[in-house]
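Novice: For reference, the sequence and a predicted model appear below.
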Amino acid sequence: MTRDAYNTAMGGYDTRVDFRGEAYIVQTQDKGPGAQYIESLIYRSGRLLASKRGFYTACLGLPDAPDRIARMMEEQHKTVLGQIVEGRYD
């Protein structure tokens, strides 16, 4: 079971996944042009398990950079959710 939320104020996603009796939270956000990466934080029962970063330096300055970054953020978030249900963070 998942519960998704897109936080427009922060520019990111926040999803809860219940898997094998544990509650996982995945938070993914764009850290901004100064940092130039997207970060996903994976929590289980309130404890930080892992983080994943995806850098988008190569697409900065392109006319469609905001769309590319939004797609990268969504794809990274979905990838981490898939890894949870595959048992990668057990």
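Specialist: Yep, that arrived.

Novice: Tally up the residues packed near the closest residue to residue 90 other than its chain neighbours, please.
Specialist: With Cβ to Cβ, 6 or more residues apart in numbering as the measure, residue 20 is the residue that lies nearest to residue 90, at 7.0 Å, once sequence neighbours are left out. (C-beta placed from N, C-alpha, C; glycine too.) The number of residues packed near residue 20 is 9, by other Cβ atoms under 10 Å.

Novice: is the residue nearest the centre of the chain in a bridge, and if so with what?
Specialist: When the chain is reduced to its mean C-alpha position, the nearest residue by Cα atoms, centre = their mean turns out to be residue 28, at 2.8 Å. When assigned by DSSP bridges, residue 28 has beta-bridge partners residue 13, residue 40.

Novice: for this structure, what spans make up the helices?
Specialist: Read by DSSP state H, the chain holds these helices, from start to end of the chain: 65-85.

Novice: Residue most distant from the centroid, it?
Specialist: If you look at how far each residue of the chain sits from its centre, by Cα atoms, centre = their mean, the farthest one is residue 63, at 23.5 Å.

Novice: if we can go back for a sec, wait, the residue nearest to residue 90 sits on residue 89?
Specialist: No: taking Cβ atoms under 8 Å as the contact criterion, residue 20 and residue 89 are not neighbours in contact, 10.3 Å apart.

Novice: quick one: buried residues of stretch 61-79?
Specialist: Judged by neighbour count (16 or more other Cβ atoms under 10 Å), stretch 61-79 contains these buried residues: 69, 72, 73, 76, 77.

Novice: Mind putting those into JSON lines with pLDDT and distance to residue 57?
Specialist: Formatted as JSON lines, the buried residues of stretch 61-79 follow (pLDDT from 0 to 100; distance: Cβ to Cβ, whole Å):
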{"residue": "69", "pLDDT": "93", "distance to residue 57": "11"}
{"residue": "72", "pLDDT": "95", "distance to residue 57": "12"}
{"residue": "73", "pLDDT": "96", "distance to residue 57": "15"}
{"residue": "76", "pLDDT": "97", "distance to residue 57": "15"}
{"residue": "77", "pLDDT": "97", "distance to residue 57": "20"}
